[in-house]
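A.B. asks: any chance you could fold what I've pasted below:
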Amino acid sequence: MTRSLDDMRIVYLSASGQMGGAERSLLDVLASIHAAQPKWSLHLIVPENGSLAAKATALGVPTTVLPFPSTLARLGDAGAGGTAGGQINRLTLLLKLASAVPAIAYYVKRLRHEFHRMSPDVVHSNGFKMHVLSMWAQPSRQLPVVWHIHDYVSTRPLMARLMRRYAARCAAAVTNSHSVADDVREVCGEKLKIHPVHNAVDLEVFTPDGSQLDLDALAGLTPVQPGTVRVGLLATMARWKGHETFLKALSILPDEMPIRGYIVGGPIYQTDESQYAPADLHRLAASLGIENKVGFTGYVEDAASAMRALDIIVHASTQPEPFGLVIAEGMACGRSVIASHAGGVAEIVANGMMVHSPGDDTTLAEQIKRLVEDAHLRARLGDVGRATAERQFDRTRLAAELIPIYREAAQTAN
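C.D. replies: Predicted coordinates:
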């Protein structure tokens, strides 16, 4: 089925049509491959219309919207752990899975039809659902599938079981850090070829200079007084992204400190029980007595302009972070970053960057206080971050690392 390796067809599958970290990473992959191999035919399949489809089309990558049926869209095993509560979640998950079987079968049939129609040389799946659905829709083992894994598989009991089962049929796995690679190897075994490829950043978009969003207007707040330091957490509403830790840290800071906090982001996934509702966080801020100290902007399209509107960017994930794209983007924007130091974060933090342990709101508050009080330190960390981003995160690197993986997968299948 494979054409010349200089004229390949690759179909990309995304489990979301909105722009979270995994989707921004996928967009960087599309841009890098498209620029490096303009003769290659790239096509993206998404389950919903949204920012990802629009941005991919603007890059010159045709996009097909193949909607998830509602029962499939809501299905997910995030948070189904091993505690007693986790066991209840697993039972609920199994019931949801059983009810979703007809929808899954329908979607697999439609996806297989798209594979036949597009006749790709390689399928690149992005997101747990698409890793498994690509295996079920695979018309034959002659169609190589590459999993691009952005999260720890071991934390997802159902997906871990399924991916372990289908690992032998996967041509290769790309992971966004060595930390995730180790986790995938533990779950799927040594036979699966695993290639750690760090995420990248568009350094022409994420820059220290440029437009800044009016975060106060977006949050419905009055403008801050001159000299106020803006501190923000940019993340999806996933429950492990540390919104609660961030809000508690803000509540610890002295009332007289010239600071305003911002939570930038909104719910982007369709999966049940995996994310906060904005009202949940509003209630938490009110209970902590900081409702006038923090603004909620909702989802913003232009993350770089939001970052440039901040003086300090907080990353507060309460679980080990597979990579930490917002850290790399904040560094590229020349802003001081405080990072939750676990998982793949340890592979990317710049020398001297301020860190805290996951869930440690007290240390996070201390680090924020230190940066609020020292403008020179904020500037120095911002300069170091930008230099690190230019050295490590230029997205042109992605093509050089991924193209050999695609070529090997296509050659092995034939």
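A.B. asks: low-confidence ranges, the stretch 151-300 of the chain, go.
C.D. replies: Applying pLDDT under 70 to the stretch 151-300 of the chain flags residues 268-274.
A.B. asks: 80 instead, please
C.D. replies: Scanning the stretch 151-300 of the chain for pLDDT under 80 picks out 267-275.
A.B. asks: going along the chain, name the strands of it.
C.D. replies: Here the stretch 151-300 of the chain has its strands, by DSSP state E, counting those that start in this stretch, at 172-175, 194-196, 229-234, 259-264, 294-298.
A.B. asks: what's in contact with the third one?
C.D. replies: Pointing back at strand 229-234 there. Residues from elsewhere that reach strand 229-234, judged by Cβ atoms under 8 Å, 6 or more residues apart in numbering: 215, 224, 241-243, 246, 250, 258-265, 303, 306-307, 309-316, 326, 330, 368, 371-372. For glycine as for every other residue, the C-beta is placed from the backbone atoms N, C-alpha and C.
A.B. asks: give me that answer again for 7 Å
C.D. replies: 215, 242-243, 246, 258-265, 303, 306-307, 309-314, 316, 326, 368, 372 (Cβ atoms under 7 Å, 6 or more residues apart in numbering).
A.B. asks: equivalent analysis for the first one, please.
C.D. replies: By Cβ under 7 Å, 6+ apart, the residues outside strand 172-175 that reach it are 146-149, 181, 184, 192-197, 402, 405, 409.
A.B. asks: okay, now the sheet partners of it, with direction.
C.D. replies: Within its sheet, and counting by DSSP bridges, strand 172-175 is paired with strand 145-149 (parallel), strand 194-196 (parallel).
A.B. asks: now swap in the fourth one and tell me
C.D. replies: Each strand that pairs with strand 259-264, with its direction, by DSSP bridges: strand 229-234 (parallel), strand 294-298 (parallel).
A.B. asks: right, and R185 touches I194 too?
C.D. replies: Yes: with contact defined as Cβ atoms under 7 Å, R185 reaches I194; the gap is 5.9 Å.
A.B. asks: so which of the strands paired with strand 172-175 is the most packed in?
C.D. replies: Of the strands paired with strand 172-175, the one with the most neighbours on average (mean count of other Cβ atoms under 10 Å) is strand 145-149, at a mean of 26.
A.B. asks: how about residues contacting it?
C.D. replies: By Cβ under 7 Å, 6+ apart, the surrounding residues in contact with strand 145-149 are 122-126, 131, 134-135, 138, 170-175, 180, 184, 405, 409.
A.B. asks: same check on stretch 262-269?
C.D. replies: Defining contact as Cβ under 7 Å, 6+ apart, one finds that stretch 262-269 is touched by 16, 18, 20, 215, 219, 230, 232-237, 243, 275, 277-278, 281, 294-300, 306, 310.
A.B. asks: buried only: go through the residues you listed for me.
C.D. replies: 16, 18, 20, 215, 219, 230, 232-237, 243, 275, 278, 281, 294-297, 299-300, 306, 310 (16 or more other Cβ atoms under 10 Å).
A.B. asks: in JSON lines, list the strands paired with strand 259-264 along with distance to L288.
C.D. replies: Rendered in JSON lines, the data for those read as follows (distance: least, Cβ to Cβ, whole Å):
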{"stretch": "strand 229-234", "distance to L288": "15"}
{"stretch": "strand 294-298", "distance to L288": "9"}
